[in-house]
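S.K.: sequence and predicted structure, then a few things I'm wondering about:
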Amino acid sequence: MTRHIALGVAALFVGVGTLHANEPAPILDGPAKTLQTRCLMCHSAAVQQAGVNLEHSSIDWSSAESRALWERVTTAVEQGRMPPAPMEPLKDVEREQLVSFLSDGLVRNTPIGGELPRRLNSAEYQATIRDLFGYPDFELPMGFPPDMLSHGFDNVAEGLALSPPLMEAYANTAWEVADAIFPPPKAKAKQRSWDSPPEDMVISFSASTLRDGVMRLVSRSIDIMRSCTWPSRVEIMDSGTYRITLSASQFRPKTDESMLLEVYAREITASDRSKIQAFRLLKTLEVTSESPETFTFEADLYEGQTPLIRWENAELDHTPEKLVELYTKRFKENPRYLAAYQTALFEKDGSRLPLARLRGRNGHEVIHELIKDPNLDMSHATLDSERTKQLMKIIDSIGGMQNLGDTLAHEYHDNGPALQLHDLKVEGPLKTVDGPKDIQRKEMRFALAGVNPEDVPREEYARRMLSKSLPRAFRRPVEEETIDGYMEMAREHWAQGHTLDEGVHLLLRNILISPRFLYRGLRSGELDDYDLASRLSYFLTQGPPDEQLVAAARAGKLSDPAELRAQSERLLPTSPKAPMIESFVGQWLDTRKLASIMPDAKFKFSETDIKIARQEVEAFFTEILNENRPMTDFIDPDFTFTSRNFAAKIYEMDVETSDKADGRKVRRLPMERGGRYGGLLGQSAIMIATANGVDTQPVLRGVWILDRILGMPPPPPPKDVPALTPDVAGAKTPRELLAAHTQEASCAGCHKLIDPFGFVMENFDPVGRWRDEWPKSNTPIEAASTLPDGTPVEDVTDLKRWLLANIDYFSNSFSEKLMTYATGRAPNIAERKELESIVAANKARGNGARDLVLSLIQSETFRTR
Amino acid sequence: MKNLVSTLNRRHFLRAGAATIALPALEAFAAPSSPSEGVRTFVSVGTYLGWHAPAFYPKQTGAGYEMPPLLAPLAEHRHHFTVFSGLDHRAPNGHTAWSNYLSGNVPGSYSVDQMIADELGQESRIPSLHLIAGASEHTNGRQMSYTKQGVPMPEIERPSVLYRKMFMSQADRARAEYVLTSGKSALDFVVTDAKRLQLDLPQSDRAKLGEYLESIRSVERRMNQQLSSINEPVPQPDYKLPESDPITPNLLMEAEQVLYDLMALAIQTESTRVITFGLYGLGQVFTIDGTPLSAGYHALSHHGNDPGMVRDLVKLEGAHMQRFSGFLRQLRDKKDAQDRPLLDSTVVLLGTGMGDASRHSNQDLPTLVAGGGFQHGRHIAIDRSAADAPLLGDLYITLMQRLGMETETFSNASRNLNHLFS
């Protein structure tokens, strides 16, 4: 313990003092007097307001409890919250003396480290099982208990409790995993024959229709729900070769070309939103005649599958480009058709009517009623009219594709060309085959032991399985006697007459509920190479150490700073899709909350918009790491990530892109520094996360900035304070509402910290668009504030400038959050000092974000349990 | 004969002889002093895409209202249900907030069915059942039922799986028994190991592993309970499942029918006290009375007040109501062990988390309560613009109290509707 202090703190800081290991140290005169005269009226041994007793003549620095108390005192005094109003605040000299005496003692006497045994959180647990068994599609079962947040993250040891329901979920999951690898014996395959007439086939959107007992297909969209049909009562139970018989014909073909009918294998549980590429093509058939032709072929279908049918060379495709082409052709041929669409979609004065009612057959009928109408307004029915241009713009959009594509489909349903299905039969299995699950199972069995269970005696399989997989499961070498213990368990089971499979099943179930599997950090003190490998790996990849990392640990090289750095560089994520990015960014910046905040309808936000908002922040963060950008770029960068549509909608940016179908793609765009948008304080996702989808709450954003950006979270509000009416849309301006609130002495202490940061963000509405007035009351937004250090700010651009000048606040905050996430504990005061010194040193070297992360990994804080 | 067996302990009799006794025979063995005199079962049905309010709400309030189109299929039950308009949870709008239906003001929080299950569920073999039909994709985050911790309850889609869960076969039981017995014996091994690990750790860390040991012991206790209940007789009803599970989205109506049948059986056999049933929908086009509807379910729900779209939507929702009516009929005709209709002891809630799918609005949720021994037959219209307008949660409080719970609050509601409805 002494060594840590000497290494971790004392060596880094001036003011090395003598350690009073067990003997309470007296409080110096100055601070003692301040305590005596300014604190004890409420915090004497007799009164103990809020349970705080400060009546001591000395401090026992060796006691964690006593250090926690004095750390609380330090923070409250430092932030000026104590003594509270209406009492007079401490004089500057009093405060400085007291704070420096206390923090000095704390830093010198707080040991680095202190992680508790840290349970894998659910994401880590899932990744670990995938890795351990080579089981990439393993998913936690629905209803798996979620993790609790502690210090803002779901991977902090303190919050990762283990409850009986969770243990039960672990035991059940262990059973399911063991079942997937060593399943109970299956009954012999049963011969079956399914007859699937068109009435028993799925009609999805306008993909198909039923006419006189025949099914017509008309589109080749890659979205199966817009193009395909499949039988609703065929579900293969045994993987095998099946005979498929299919009867089809052409309906009013336009050319001599054969119609290509594709048969795929579809998982019956696959989402209807799947794309055709997700499925395995079994056969392409050439349909050449208008009278039914019968095709018979054999194909492999696997457990849980059903055939899926698509017309590969249909004229209609659900893409904006194709729809523009097809509609243009029809409009040219028949101006009444054009006029009907114009009448259905526009008021006389040219304003838009809703698109939704024009969807599908209903829209088709509406259009044809209009065509018949003798009073149909033909005044805009030329291809070059303004109205036509507007109409084409609607067709040439995603919404147009989804709605009008379905409407156009009905022209083909009525008049062709269409591909007709008359009957579908599936018989078998003619023979059984290994499906993907069977193959995967065999691979997993081999991988577990490095040998097939069929090829060696069961004792040998089990022992090789344990020797190979146990160290991976427990993430460190395993002693021979531990393996013997497991072997004994298997032998006992076999002795009771159970099979090899059952014995190994039992071992797997057991390993997966072992504390050595479920927990990290089971050894105290400095991390050894193996534990360091685990910490680094779960930090940067959210998964267990890979082979290279384990090899470095085995060779004892990982504790070497150069090797640690090399491994860190290798594992540091470079893609915004990396699990660590979503996890860390989502929790640090609260963008995970977006999943549960749906902006109010008035903001016209779709679920795609929500996804884009999150992607922007993740891509931005990744880019800063990848390019080792200075920390100041988090606040005021010269680039941003957004999509063309989103930029126009939220950031008032007009982006030229060559590819017009690509409006939803998130890409890097240049941006001028010093503006309103861009950076962590100018991105939509963060504005959404710090509002509630309907209106803004300056206090929430203020608290958020203090906590996440400046690293000075204010304490929670006292319980008896009535909630501030959050409705900033009301008649009174939020400023007036809050003013009444913060005049109360008990509130003022924190609110003078919180409110300036909150109000200066008020120009951003609940989705991050700029506004100059508060809604409803239509009063100008009063964003101008005075920051706690006296700096006046007019709006967010001033706040950004202030942050650039004081970038250490942000860098320190970032380091603290990152190390909380990495080590599973909130850094204590001594660790914070170490992080601050790393931040300072990094700033002197160019302040690169990537450099900072790499240096933090080298810290004593990171390398100690 | 009947006198003789009725003096025997019911459970003892069953254990001694017939594990696969036919259902009607079971009723003869009802102990005369059965504790469950009152209302004891809760069922909740919800449509993901809402109910078309203008066709759901009667034009008149109070009793004797004229049946609106969507309630017409329920005409034979008119004295067994009450329809409510103007209730909601003041929850956010949009599909993602759909779970406000049973969760209240905060979608995805402790839902009313789980509150009931936590209090009454332990009295039955299956604490609660969660069923779903017509889902063509994962319903992640849009489930109906959530635990106290906000964890969604897994839903059963396949009738065959539900059937196995309710009426375990001999082979299933043998397998479960094997897994439990072998699993239990192996727990000792990890416990010993954990204790060894604890020795090397400082005091504060031991507490963390203490959590582990405690949890293991709790799992062990539960395994023991499961083992002792595994050989208790399970009724084997005479019900024929369809050849294949109707899980393709366009078989929603068929799945609905089968699942309602199984729900009635579950209530009759007292297999569970709490059931939720979600009716989902996306692009599937239904064929009703021989003709395919003009658009898929989801597209129809975005009707934009077009008369053609609305007509087809109401047709579709009417088909849901016909099946629901059949379910109520089963509950009315089937009797419990005290010879009372099941409907009298079952509170049935039908509603949705979406008030108007066309606008993605989650305000003013069409709601109907049947059974439960309430005074029924009326349309209770709430003026939701009134400052003190009651909330849907207030109705839930009344329902929970009817089920014998002493609760006074639910989500953002803290009153009840006892004065309007009891």
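M.R.: Okay, I see it.

S.K.: contact residues of the stretch 301-422 of chain B facing chain A?
M.R.: B:302, B:303, B:304, B:305, B:306, B:308, B:309, B:312, B:358, B:359, B:360, B:361 (Cβ under 8 Å from any Cβ of the partner chain). All C-beta spots, glycine's among them, are computed from the backbone N, C-alpha and C.

S.K.: the last one: how many residues sit nearby?
M.R.: Right, residue B:361. 17 (other Cβ atoms under 10 Å in any protein chain shown).

S.K.: whichever strand or helix holds residue A:130 - contacts with which helices or strands?
M.R.: In this assignment (DSSP states H and E), residue A:130 forms part of helix A:122-133. With contacts taken as 3 or more Cβ pairs under 8 Å, 6 or more residues apart in numbering or on different chains; DSSP states H and E, helix A:122-133 sits against helix A:164-181, helix A:436-449, helix A:458-474, helix A:579-588.

S.K.: tell me what angle that helix forms with helix A:436-449.
M.R.: 80 degrees (axes from the mean of the first three to the mean of the last three Cα atoms, to 10 degrees).

S.K.: where's helix A:122-133 relative to the chain centroid, distance-wise?
M.R.: Distance of helix A:122-133 from its chain centroid, counting by Cα atoms, centre = their mean, to the nearest Å, is 17 Å.

S.K.: name the residues that touch it?
M.R.: Outside of helix A:122-133, the residues within contact range by Cβ atoms under 8 Å, 6 or more residues apart in numbering or on different chains are A:120, A:135-136, A:138-140, A:144-147, A:154-155, A:173, A:177, A:181, A:444, A:447-448, A:469, A:472-473, A:512, A:517-518, A:538, A:541-544, A:579, A:583.

S.K.: contacting chain B as well, which ones from those?
M.R.: Among those, chain B is touched by A:144, A:145, A:146, A:518 when using Cβ under 8 Å from any Cβ.

S.K.: low-confidence ranges in the chain?
M.R.: No chain specified, so I'll use chain A. Under the criterion pLDDT under 70, the flagged ranges of chain A are A:1-22, A:657-661, A:717-734, A:737-738, A:740-746.

S.K.: ah, I was thinking of chain B
M.R.: Residues of chain B that meet the criterion pLDDT under 70 lie in B:1-37, B:136-141.

S.K.: ok, now which ones touch the residue positioned nearest the centre of chain A?
M.R.: Among the residues of chain A, residue A:582 comes closest to the average C-alpha position under Cα atoms, centre = their mean, at 4.5 Å. Shown in contact with residue A:582 (Cβ under 8 Å, 6+ apart): residue A:618.

S.K.: next one: the one 5 residues further on
M.R.: Contact analysis of residue A:587 by Cβ under 8 Å, 6+ apart lists A:149, A:152, A:153, A:154, A:821.

S.K.: hang on, residue A:831 packs against residue A:856?
M.R.: No. With contacts counted by Cβ atoms under 8 Å, residue A:831 stays clear of residue A:856, the gap being 10.8 Å.

S.K.: distance of residue B:182 relative to residue A:511?
M.R.: Residue B:182 is 14 Å from residue A:511, where distance means Cβ to Cβ, to the nearest Å.

S.K.: so between these two, which is more surrounded?
M.R.: Higher neighbour count among residue B:182 and residue A:511: residue A:511, with 22 against 19, using other Cβ under 10 Å.

S.K.: spell out which parts of the stretch 51-200 of chain A neighbour chain B.
M.R.: A:116-117, A:141-146, A:157, A:161-164, A:166-168, A:171, A:175, A:184, A:199.

S.K.: look up how far residue B:38 lies from residue B:81.
M.R.: 19 Å.

S.K.: higher neighbour count, those two?
M.R.: residue B:81 (22 against 12).

S.K.: does residue A:551 count as helix, strand or coil?
M.R.: Judged by DSSP: H, G, I helix; E, B strand; the rest coil, the three-state class of residue A:551 is helix.

S.K.: same check on residue B:42?
M.R.: Applying three-state DSSP: residue B:42 is strand.

S.K.: so it sits right up against residue B:267, yeah?
M.R.: No. Taking contacts as Cβ under 8 Å, residue B:42 lies outside contact range of residue B:267: 10.1 Å.

S.K.: find residues that contact each of these two.
M.R.: B:275, B:346.

S.K.: just the buried ones from the residues of the stretch 51-200 of chain A next to chain B?
M.R.: Among these, those scoring as buried are A:116-117, A:143-146, A:157, A:162, A:164, A:166-168, A:171, A:175 (criterion: 16 or more other Cβ atoms under 10 Å in any protein chain shown).

S.K.: which of those residues sits closest to residue A:42?
M.R.: residue A:116 (33.4 Å; Cβ to Cβ).

S.K.: who touches that closest one in this structure?
M.R.: A:157, A:158, A:521, A:824, A:825, B:204, B:205, B:208.

S.K.: hmm, 7 Å instead?
M.R.: A:157, A:158, A:521, B:204, B:205, B:208 (Cβ atoms under 7 Å, 6 or more residues apart in numbering or on different chains).

S.K.: same check, this time on residue A:434
M.R.: Contacts of residue A:434 (Cβ under 7 Å, 6+ apart): residue A:239.

S.K.: helix, strand, or coil at it?
M.R.: Following three-state DSSP, residue A:434 is assigned to coil.

S.K.: what about residue 379, how many residues nearby?
M.R.: In the absence of a named chain, this looks at chain A. With other Cβ under 10 Å as criterion, residue A:379 counts 11.

S.K.: switch to chain B, that's the one I care about
M.R.: By the criterion of other Cβ under 10 Å, residue B:379 has 21 neighbours.

S.K.: helix, strand or coil for it?
M.R.: Per three-state DSSP, residue B:379 ends up strand.

S.K.: in contact with it, which residues?
M.R.: B:58, B:60, B:61, B:62, B:65, B:83, B:85.

S.K.: now do residue A:608
M.R.: residue A:664.

S.K.: residue A:550 now?
M.R.: residue A:533.

S.K.: now do the one 10 residues further on
M.R.: With Cβ under 7 Å, 6+ apart as the criterion, no residue contacts residue A:560.

S.K.: and it, how close does it get to chain B?
M.R.: For residue A:560, the distance to chain B equals 26 Å [Cβ to the nearest Cβ, to the nearest Å].

S.K.: quick check: most distant residue from the centroid of chain A.
M.R.: Per Cα atoms, centre = their mean, the most distant residue from the centre of chain A is residue A:374 (56.1 Å).

S.K.: my guess is that one is in a strand, correct?
M.R.: No. According to three-state DSSP, residue A:374 belongs to no strand; its state is coil.

S.K.: hmm, stretch A:407-415 touching chain B?
M.R.: No. For a cut-off given as Cβ under 7 Å from any Cβ of the partner chain, stretch A:407-415 has no contacts with chain B; the smallest distance is 9.2 Å.

S.K.: got the phi and psi for residue 108?
M.R.: Here I'm looking at chain A. phi -70, psi -20 (degrees, to the nearest 10).
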